[in-house]
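Visitor: any chance you could fold what I've pasted below:
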Amino acid sequence: MNKILEQIVIQKRKEIQVLKGLKTINDFEKEIYFNRKTISLSQSLRQTEFGIIAEFKRKSPSAGEIDSNKSILDQTLLYQKSGASAISILTDETFFGGSVNDIFQIRNDLSIPILRKEFIVDEIQIFEAKAIGADAILLIAEILTKKELLHFTILAKSLGLEVLAEFHSFKELEKLNDEVDVIGVNNRNLDTQTTNIENSYKLAEFLPQNKLSISESGIKTSEEIQKLISYGFKGALIGESILKDKNPAILINQFNSYSHVH
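Guide: Alright, predicted model coming up:
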């Protein structure tokens, strides 16, 4: 595992120990959103030719501070209005400036699926995701064993959550299981923090045809979306290019409209 990712996981394990001292799985099961019916991420992506999962984050190890003053509710409602298929929310605090409260406070106002983007290494985080109102969780193959990825996927599905499993390399694809709802190809090398969309094109032929696949990170142009469609991708997770744009609504609209042009 690489340096930044390793630091994040070490920090995450410390946070989980603190969380377990404060709350039990039973506590999460009693929370307001725990029994709500989730909205399907995969269905939402299938409803359009190419779905955009628009991301909200305040900072990242690669981009630094993005815009910590943006209202999360205004921003995510704008994403929804502009035709995003789903919203991705970074809940990591130390490295991304997020919190579980970010999902909790917007849940009632959104009618599209919310993906909890987090470094999940423990079961309790999956119960927490359900309790705060997430519809789907991210599982990162690089930080999990094949057995953990399967176990966490089955647990998430038993709670009604869908799973976006993220892969960066061909070798990691060995960890893929049939229970995963959506496959994500991460174009960012989490080690060097460099991004190359070619990674999606490279891995496309090795992805199972019966699964929805999306491309993550570094997507900036409508031409790239056209090319991703030609490689069989059904969507993209886009963060920084939307967050940094003065008119994110126009950009999401553009991405959406270009996906219908062949």
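Visitor: from here on, just use CA atoms for contacts and neighbour counts.
Guide: Will do.
Visitor: quick one: low-confidence ranges for the stretch 51-200 of the chain?
Guide: Applying pLDDT under 70 to the stretch 51-200 of the chain picks out residues 66-69.
Visitor: where do the helices sit along it?
Guide: 72-81, 100-106, 123-131, 146-158, 198-204 (DSSP state H, counting those that start in this stretch).
Visitor: strand partners (parallel or antiparallel) of the following helix or strand past the last one?
Guide: Downstream of helix 198-204, the next assigned helix or strand under DSSP states H and E is strand 212-216. Partners of strand 212-216 in the sheet, by DSSP bridges, are strand 182-186 (parallel), strand 235-238 (parallel).
Visitor: how about stretch 24-40: buried residues?
Guide: By neighbour count with 16 or more other C-alpha atoms under 10 Å, stretch 24-40 contains the buried residues 28, 33-34, 38-40.
Visitor: looking at the strands paired with strand 212-216, which is nearest to Ile252?
Guide: Relative to Ile252, the nearest member of the strands paired with strand 212-216 by C-alpha to C-alpha is strand 235-238, separated by 9.3 Å.
Visitor: so what touches that closest one?
Guide: 45, 50-55, 88, 213-219 (C-alpha atoms under 8 Å, 6 or more residues apart in numbering).
Visitor: pull the most distant pair out of these.
Guide: Leu45 and Gly218 (19.3 Å).
Visitor: related to what we said a few turns ago, now a PyMOL select for only the buried ones of the contacts of strand 235-238.
Guide: This is how PyMOL selects the buried members of the contacts of strand 235-238, with burial counted by 16+ other C-alpha under 10 Å:
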select buried, resi 45+50+51+52+53+54+55+88+213+214+215+216+217+218+219
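Visitor: and which of the contacts of strand 235-238 is nearest to Gln7?
Guide: Closest to Gln7 out of the contacts of strand 235-238 is Ser217 (20.5 Å), distances taken as C-alpha to C-alpha.
Visitor: I'd say that closest one and Gly239 touch.
Guide: Yes: contact between Ser217 and Gly239 holds when scored by C-alpha atoms under 8 Å: they sit 7.1 Å apart.
Visitor: stretch 141-149: how far from the chain's middle?
Guide: Here stretch 141-149 is found 16 Å from its chain centre; the criterion is C-alpha atoms, centre = their mean, to the nearest Å.
Visitor: residues of it that come out buried?
Guide: For stretch 141-149, burial by neighbour count (16+ other C-alpha under 10 Å) applies to 141-144, 146, 148-149.
Visitor: circling back: between the strands paired with strand 212-216, which gets nearest to Pro208?
Guide: Pro208 sits nearest to strand 182-186 of all these, at 9.2 Å, using C-alpha to C-alpha.
Visitor: what does the closest one contact?
Guide: With C-alpha under 8 Å, 6+ apart as the test, strand 182-186 has contacts from 42, 163-168, 199-200, 203, 211-217.
Visitor: chain center to stretch 16-27: distance?
Guide: 23 Å.
Visitor: can I get that stretch in CSV, CA atoms only?
Guide: Provided in CSV are the C-alpha atoms of stretch 16-27 (Å, rounded to 0.1, in the frame of the first residue of the first chain):
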residue,chain,number,x,y,z
ILE,A,16,-12.7,3.6,14.5
GLN,A,17,-11.4,2.8,18.0
VAL,A,18,-12.7,6.1,19.2
LEU,A,19,-16.1,5.5,17.5
LYS,A,20,-16.4,2.1,19.0
GLY,A,21,-15.9,3.7,22.5
LEU,A,22,-18.8,6.0,21.8
LYS,A,23,-21.3,3.9,19.9
THR,A,24,-22.3,0.3,19.3
ILE,A,25,-23.9,-1.3,16.3
ASN,A,26,-27.0,-1.5,18.3
ASP,A,27,-26.9,2.3,18.8
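Visitor: ends of stretch 64-76, how far apart?
Guide: Terminal residues of stretch 64-76 are spaced 21 Å apart (C-alpha to C-alpha, to the nearest Å).
Visitor: make that stretch 21-36, sorry
Guide: End-to-end distance for stretch 21-36: 26 Å, by C-alpha to C-alpha.
Visitor: so which strand or helix has Lys37?
Guide: Going by DSSP H and E, Lys37 is not in any helix or strand.
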